[in-house]
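> my questions concern the predicted model and sequence given below.
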Amino acid sequence: MKKEESKEKKEQFIVKRGIEGKSFDTIAKELTVTKVTLIQWSKELAEDISNLEDFEKEKMIEEYKAGKKIRLEAMLEIRDRVLKEIKKRDLSEVSFGSLMKNFIEVEKILDGNLKLKFYTGEITNTLEESLDWSTKETISFDHSLLN
């Protein structure tokens, strides 16, 4: 095998092994090299393969985060539009329970994505109970009232 052809095949091997996660048998057939050669390349190129795997994982995480942010922004926009429309309407015909149930469902979706806690300004414990002054009282909503 020529040196230039060998370099090209090694680069293909790194991609097939690092990104595509293919087996030695599959790669050997695709690149027309022996499995023994691939095992040798695997040892020789282990750091390159690992770096490529890490890069791909980071790229996937960033894509997931970007997608999650876009979905959250879309949900917030829908929420704002719904609230704006609700303000225009006479809701006297709609039961309080129905209004609350629908409102809380939207809030649950948003809370699940935002993980918000509201600080009330009060300390939950006293000096006698604990010397940890950082413990703050928080309010969280119990959805069990709707079930």
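Yes, it's here.

> how about low-confidence regions in this structure?
For the chain, the stretches with pLDDT under 70 are 1-3, 5, 111-147.

> now the helices for it?
For the chain, the helices defined by DSSP state H occupy 3-18, 24-31, 35-44, 46-88, 96-114.

> dump those helices to a markdown table, plus mean neighbour count.
To be clear about C-beta, it is placed using only N, CA and C from the backbone, and glycine gets the same treatment. Listed next are the helices of the chain as a markdown table, based on neighbours: other CB atoms under 10 Å:
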| stretch | mean neighbour count |
| --- | --- |
| helix 3-18 | 15 |
| helix 24-31 | 16 |
| helix 35-44 | 14 |
| helix 46-88 | 11 |
| helix 96-114 | 13 |
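
> could you export stretch 70-83 as PDB, CA atoms only?
Output of stretch 70-83 as PDB, limited to C-alpha atoms (Å, rounded to 0.1, in the frame of the first residue of the first chain):
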ATOM      1  CA  ILE A  70     -35.500  26.600  21.000                       C
ATOM      2  CA  ARG A  71     -38.300  24.400  22.400                       C
ATOM      3  CA  LEU A  72     -38.400  26.300  25.600                       C
ATOM      4  CA  GLU A  73     -38.500  29.700  23.800                       C
ATOM      5  CA  ALA A  74     -41.400  28.300  21.700                       C
ATOM      6  CA  MET A  75     -43.300  27.200  24.800                       C
ATOM      7  CA  LEU A  76     -42.800  30.600  26.400                       C
ATOM      8  CA  GLU A  77     -44.000  32.300  23.300                       C
ATOM      9  CA  ILE A  78     -47.100  30.100  23.200                       C
ATOM     10  CA  ARG A  79     -47.700  30.700  26.900                       C
ATOM     11  CA  ASP A  80     -47.500  34.500  26.400                       C
ATOM     12  CA  ARG A  81     -49.900  34.300  23.400                       C
ATOM     13  CA  VAL A  82     -52.400  32.200  25.500                       C
ATOM     14  CA  LEU A  83     -52.200  34.600  28.400                       C
END
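
> fine by me, we can end here.
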